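Novice: here are the coordinates; sequence isn't available:
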């Protein structure tokens, strides 16, 4: 089968064998935004020469801005609830194949506000077999990071933090970005940022430390970017309960290293999972939905 | 005399009579960034035909990126400390006049981190006569908002919040900005944002509510911008102690109205001061420094 992780800004395709092992993979930057509505053509190019009959797609491709909108499934939800809400894409261009789209998840917090994910539920499905049944914290870092609680094979609830997007915005467009100079990754400055985030005061105030620490030479211009990265990740981790056990990290290995370092500064243990979680999740869902022989 | 408030993105000039009343004023967008080093020429054009012999300038013009760097004065500081640290600009182009630059202030918080202001100290000097001697909270909204404690005529300490800059960044460059539609100011959506900021959770998480509330039709696309504005101002106000009395607001009247509304949602009384605080502050400092007859 073919597994597709089609997000806003990236498109990953995996070819899996009958046992669920990834045999080939392709990445491109032709995310939902870049596809500009030409979804069928983009997909055909991405999986060129892969003739598998079953395709399972997850991510923003199933959103209102994507190819075909699949409604959110409410938490708590696990393999069973998600697999039974897969929807088959009515695509004439691929009449010789079966294409299924994975729904996103919706979570409601204590104050009644909703949160949503699309794509991360599939990554979680891909690591479910590795999680114990008692409540586990799963962190999926990224543009819009997700912090989820998983218990008994189901996502109980989750919250989004706009960590990655804010980091890019501040580096590219803010007065802070103009003070930064490129340099090697600086683990000390990163850890300082993580620690700074635990101080009293709101993020709006803490951000200004990037300016003042630079102004009075407590940080060199090359250290401002790693300090800001640590500050933002630290703020995301402020929402972790103090008694949180091992945090399960799922995502790209470069981001996972930063989150592992940040969690260590805060005294939390971390366990990193495979970068192929998304492919494994599509496979697990296909199995659950009996789409595979 | 002439009073100048020269910030990063704006330049305001005031002509005052002997009693300190503002007789004329001019604004332009030729802030320190736009002046591109041509400070003398920019000033000459801004005050064209005003022949007063004394000019007092406040704001980023006295920063490292400005015309002439004047070192920060440490808090606590009032008229006396600031006036005695005014520096005369060595400008041959204005040999027939006296030009003085007001220093910025530096504050150190309990954790030992510095904060800085340039320009706002002069606005505070302009309203000092209206403040009681016991500790007062002064809020100066803007790109980089300042929340200061003033007692016995001196600024005791202050903190910066990057509220205005983050609002502009998010509206102009983020995924949230793409969801927004222009519309009339919506006081209800603004108040909802202020209230949302008081919930549990970090700003990084709360920001995503702009997306989810829009997604499930709790807010219309035209309401997302005022909601975000309330959310950010509300987060800035999260750092106000619960027992804060009347908050003294100093700044542009449009911003003051928003902050008054936000303070009301949180149960704080507010008192707005004159938009001419900057000019009055330059005058008070000139008097204190005996630069005026």
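Specialist: Right, received. Where do you want to start? Being a predicted model, the structure only gives us computed values, none of them experimental.
Novice: Let me know the distance separating the residue of chain A positioned farthest from its centre from chain B.
Specialist: The C-alpha centroid of chain A is most remote from residue A:216, which lies 36.5 Å away (CA atoms, centre = their mean). Residue A:216 sits 6 Å away from chain B, going by CB to the nearest CB, to the nearest Å. C-betas here are computed from N, CA, C, even on glycine.
Novice: now residue A:276
Specialist: Counting by CB to the nearest CB, the gap from residue A:276 to chain B is 27 Å.
Novice: cool, residue A:108 as well?
Specialist: For residue A:108 relative to chain B (CB to the nearest CB), the value is 10 Å.
Novice: which ones are touching that residue?
Specialist: Residue A:108 makes contact with A:74, A:75, A:114, A:115, A:157 under the criterion CB atoms under 8 Å, 6 or more residues apart in numbering or on different chains.
Novice: From the residues you listed, list the buried ones, please.
Specialist: A:75, A:114, A:115, A:157 (16 or more other CB atoms under 10 Å in any protein chain shown).
Novice: thinking the first one is in contact with residue A:104, fair?
Specialist: No: Residue A:75 sits out of contact with residue A:104 when judged by CB atoms under 8 Å, with a separation of 10.9 Å.
Novice: where exactly do the strands run in the stretch 51-200 of chain A?
Specialist: In the stretch 51-200 of chain A, the segments counted as strands under DSSP state E, counting those that start in this stretch are A:54-58, A:73-74, A:77-78, A:87-88, A:98-101, A:105-108, A:114-117, A:136-140, A:145-151, A:154-161.
Novice: Out of those, which one sits most buried?
Specialist: strand A:54-58 (a mean of 26; mean count of other CB atoms under 10 Å in any protein chain shown).
Novice: Grab the nearest non-local neighbour of residue A:235.
Specialist: residue A:197 (4.6 Å; CB to CB, 6 or more residues apart in numbering or on different chains).
Novice: Touching, that neighbour and residue A:230? I think so.
Specialist: Yes: at 7.4 Å, residue A:197 and residue A:230 qualify as touching, with contact defined as CB under 8 Å.
Novice: residues touching residue A:32, list them.
Specialist: So residue A:32 contacts A:6, A:7, A:8, A:59, A:60, A:61, A:63, A:65, A:66, A:67 (CB under 8 Å, 6+ apart).
Novice: got it, and residue A:156?
Specialist: A:75, A:76, A:135, A:148, A:149, A:150.
Novice: cutoff 6 Å now
Specialist: A:76, A:149 (CB atoms under 6 Å, 6 or more residues apart in numbering or on different chains).
Novice: Repeat that for residue A:126.
Specialist: Residue A:126 touches A:277, A:280, A:281, counting by CB under 6 Å, 6+ apart.
Novice: If you rank those by neighbours, which is first?
Specialist: The most crowded member of these, judged by other CB atoms under 10 Å in any protein chain shown, is residue A:281 (28 neighbours).
Novice: Was I right to think that residue contacts residue A:128?
Specialist: No: between residue A:281 and residue A:128 there is no contact under CB atoms under 6 Å: 8.2 Å.
Novice: how many other residues sit next to residue A:66?
Specialist: Count around residue A:66 with other CB under 10 Å applied: 22.
Novice: Can you give me the pLDDT of it?
Specialist: pLDDT, residue A:66: 95.
Novice: Same check on residue A:277?
Specialist: What the model reports as pLDDT for residue A:277 is 97.
Novice: And for residue A:272?
Specialist: On pLDDT, residue A:272 comes in at 97.
Novice: Would you state the helices of the stretch 51-200 of chain A in chain order?
Specialist: A:79-83, A:120-127, A:163-173, A:175-179, A:187-196 (DSSP state H, counting those that start in this stretch).
Novice: Can you list the buried residues in the worst-scoring helix or strand of chain A on mean pLDDT?
Specialist: Using mean pLDDT, DSSP states H and E, the weakest-scoring helix or strand in chain A turns out to be helix A:32-35, at a mean of 91. Of the residues in helix A:32-35, A:32, A:35 count as buried by neighbour count, 16+ other CB under 10 Å.
Novice: coming back round to it: could you dump the strands of the stretch 51-200 of chain A to CSV with mean pLDDT and distance to residue B:261?
Specialist: Output for these, formatted as CSV (pLDDT from 0 to 100; distance: least, CB to CB, whole Å):
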stretch, mean pLDDT, distance to residue B:261
strand A:54-58, 98, 43
strand A:73-74, 98, 35
strand A:77-78, 98, 40
strand A:87-88, 98, 44
strand A:98-101, 97, 44
strand A:105-108, 96, 29
strand A:114-117, 96, 26
strand A:136-140, 98, 37
strand A:145-151, 97, 32
strand A:154-161, 97, 27
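Novice: Show me the one of those that comes nearest residue B:95.
Specialist: strand A:154-161 (56.9 Å; CB to CB).
Novice: do you know how far residue A:150 is from residue A:79?
Specialist: 12 Å (CB to CB, to the nearest Å).
Novice: okay, the helices of the stretch 51-200 of chain A, which one's buried deepest?
Specialist: helix A:120-127 comes out most buried of the helices of the stretch 51-200 of chain A by mean count of other CB under 10 Å, with a mean of 28.
Novice: chain center to that helix, what's the gap?
Specialist: Distance, stretch centre to chain centre, for helix A:120-127: 10 Å (CA atoms, centre = their mean, to the nearest Å).
Novice: so when I look at residue A:258, I'm seeing a helix, right?
Specialist: Yes: counting by DSSP: H, G, I helix; E, B strand; the rest coil, residue A:258 is part of a helix.
Novice: on that earlier part again, residues contacting the residue nearest to residue A:235?
Specialist: Contacts of residue A:197 (CB under 6 Å, 6+ apart): A:231, A:234, A:235.
Novice: Would you confirm that the last one contacts residue B:201?
Specialist: No: here residue A:235 does not reach residue B:201: they are 10.5 Å apart, not a contact under CB under 6 Å.
Novice: So these two - more neighbours on which side?
Specialist: Shown here are residue A:235 and residue B:201; by other CB under 10 Å, residue A:235 has more neighbours (25 against 18).
Novice: follow-up on the earlier one: buried residues in the helix or strand following the least confident helix or strand of chain A, which are they?
Specialist: Tracing the chain past helix A:32-35, the next element assigned as helix or strand by DSSP states H and E is helix A:39-46. Under the neighbour-count criterion of 16+ other CB under 10 Å, helix A:39-46 has A:39, A:40, A:42, A:43, A:46 buried.
Novice: Distance check, the fourth one against residue B:27.
Specialist: In this case it means residue A:43. Applying CB to CB to residue A:43 and residue B:27 gives a distance of 54 Å.
Novice: Spit out the contact partners of the most centrally placed residue in chain A.
Specialist: By CA atoms, centre = their mean, chain A has its centre lying nearest to residue A:140, at 4.4 Å. Residues in contact with residue A:140, defined by CB under 6 Å, 6+ apart, are A:120, A:146, A:250, A:251.
Novice: just those residues now: which is nearest chain B?
Specialist: Closest approach between those and chain B, by CB to the nearest CB: residue A:146, at 10.0 Å.
Novice: Quickly list what the closest one is bridged to.
Specialist: Counting by DSSP bridges, residue A:146 is bridged to residue A:140, residue A:160.
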